[in-house]
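>>> predicted model, plus sequence, below.
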Amino acid sequence: MFKDVAGLTREFCVSDSVLSHLFKLKHALRKSRFNEFLIKHNGLDKSGFLEWVFCPGMLFNNQNKWWGNGGIRQRPHEGLDLCFYRDKAGQNHRLSEKTGIPVLYDGEIVGIQTISWENLSL
């Protein structure tokens, strides 16, 4: 089950074995000012933020799509998708559309996609 930041609980995984399989690519981001800023300024630390959760397709250079009907990307992923996190109580959460993401470098934003629960291919 995932509980999004609006407090809505969604059925996301049906068992621990499915959860383990779906999130086997879970990695912790190294401590950085970017990560600390994102957590602090969005109040994730107040809800007991523990770690980021990455599904297959969310990590750099991955070719899988984790949204919609799944499938393969036209090009390897050139970024990192931050969407889910786990709190110290073991509950999984989703970032909201209003989450502030700090800018790492000068550049141009070419797209922002809002993913609804119904469009996840997991």
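The structure has been received and is ready for your questions.
>>> contact partners of stretch 102-109?
34, 37-38, 41 (Cβ atoms under 8 Å, 6 or more residues apart in numbering). Where C-beta positions appear, they are placed from N, C-alpha and C, glycine not excepted.
>>> buried sites along it?
Within stretch 102-109, no residue is scored as buried using 16 or more other Cβ atoms under 10 Å.
>>> same question for it, mean pLDDT?
Mean pLDDT, computed over stretch 102-109, is 77.
>>> circling back: restricted to buried residues, select the contacts of stretch 102-109 in PyMOL.
In PyMOL, this line selects whichever of these come out buried by 16+ other Cβ under 10 Å:
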select buried, resi 38
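>>> nearest to Gly79 among the contacts of stretch 102-109?
Phe34 (12.8 Å; Cβ to Cβ).
>>> show me the contacts of stretch 102-109 that map onto helices.
34, 37-38, 41 (DSSP state H).
>>> could you point out which of those residues is nearest to Trp52?
Top of the list for closeness to Trp52, among these and by Cβ to Cβ, is Leu38 at 9.7 Å.
>>> quick one: contacts for the closest one?
44, 82, 99-102 are the contacts of Leu38 under Cβ under 8 Å, 6+ apart.
>>> secondary structure added to these, as JSON lines?
Listed next are those as JSON lines, based on DSSP: H, G, I helix; E, B strand; the rest coil:
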{"residue": "Leu44", "secondary structure": "helix"}
{"residue": "Leu82", "secondary structure": "coil"}
{"residue": "Thr99", "secondary structure": "coil"}
{"residue": "Gly100", "secondary structure": "coil"}
{"residue": "Ile101", "secondary structure": "coil"}
{"residue": "Pro102", "secondary structure": "coil"}
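>>> who wins for neighbours among these?
For the contacts of Leu38, neighbours were counted using other Cβ atoms under 10 Å, and Leu44 has the most, 19 neighbours in all.
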